[in-house]
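Chemist: take a look and give me a structure for this.
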Amino acid sequence: MSIRVLLISDLRLYREGLAGALAGCGRITLVGTAANLAAAERQVARTRPQVVVLDMSMPDAPGVVHKLRGVRVIALGVPAARHAIGACLEAGVGYLTRDGSIDDLVRTIEAAAADEPGRRLPAPGVPPPGGIDALTPRESQILEMLARGLSNTQIAREATIEVATVKNHVHNLLEKLGARRRGEAAAMLQRWRASTAAWNEFAGWS
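Modeler: Numbering: from 1, shown residues only. All right, here's what the predicted structure looks like:
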């Protein structure tokens, strides 16, 4: 028997891409998608999903978790930090950390439908490989400056380092983030901030 799944994310590209990936999984039936809490509540009432997959980078994600108490929820994009994972466990929410794959998500959905604990990837307190969390302090500083729209010359002046050193740091941080352009890296930083803020709020509510 297939598992009825509702997907919630306010980022259309992410929502449609993930919906397409889940639609190709045999045991899963995607019964709908939603971009906000109001739409999610309507979809839950109309489609009666067994599992809700929630993008935790949404500004109102903690509110969605607490509103959908009667539905099994899987939180996507959970920071590999003890307070965030602990908040999931206390709230009875399944979770997938930021480096989880589609296969990991499918297994987590199956575990949630079977009323088993969510996947724990990786262990609490251990940062995932790659991503914002893998940047060095200097790379993080330069990424912040990139997000402000500074040029390599401006970054070098503000950080009091050579332009060639800035270029090396930019190359390294783009490689770690899997980003092709500076603007893409800046967008990833904004999304990471939104996700972290949501989890700080959620952890405070749990």
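Chemist: closest to the centroid, which residue in this protein?
Modeler: Nearest to the geometric centre of the chain sits Gly77, at 2.3 Å (CA atoms, centre = their mean).
Chemist: against Arg42, how distant is Leu174?
Modeler: Distance, Leu174 to Arg42, by CB to CB, to the nearest Å: 40 Å. Placement of C-beta: from N, CA and C, glycine included.
Chemist: got it, and Glu139?
Modeler: When Glu139 is compared with Arg42 (using CB to CB), they lie 43 Å apart.
Chemist: between the two, which one's more packed in?
Modeler: A side-by-side neighbour count of Glu139 and Arg42, using other CB atoms under 10 Å, places Glu139 first with 18 against 12.
Chemist: if we ignore the residues flanking it in sequence, what's nearest the more buried one?
Modeler: Leaving aside its sequence neighbours, Glu139 sits nearest to Leu173 (CB to CB, 6 or more residues apart in numbering; 4.3 Å).
Chemist: over to Arg180?
Modeler: Leu174 (7.2 Å).
Chemist: the one you found and Glu184, how far apart?
Modeler: 8 Å.
Chemist: same question, Ala75
Modeler: According to CB to CB, Ala75 and Glu184 sit 24 Å apart.
Chemist: beta partners of the nearest residue to Ile109 once chain neighbours are set aside?
Modeler: The shortest distance from Ile109 to any non-neighbouring residue, by CB to CB, 6+ apart, is to Val51 (5.2 Å). Beta bridges link Val51 to Val5, Arg72, judged by DSSP bridges.
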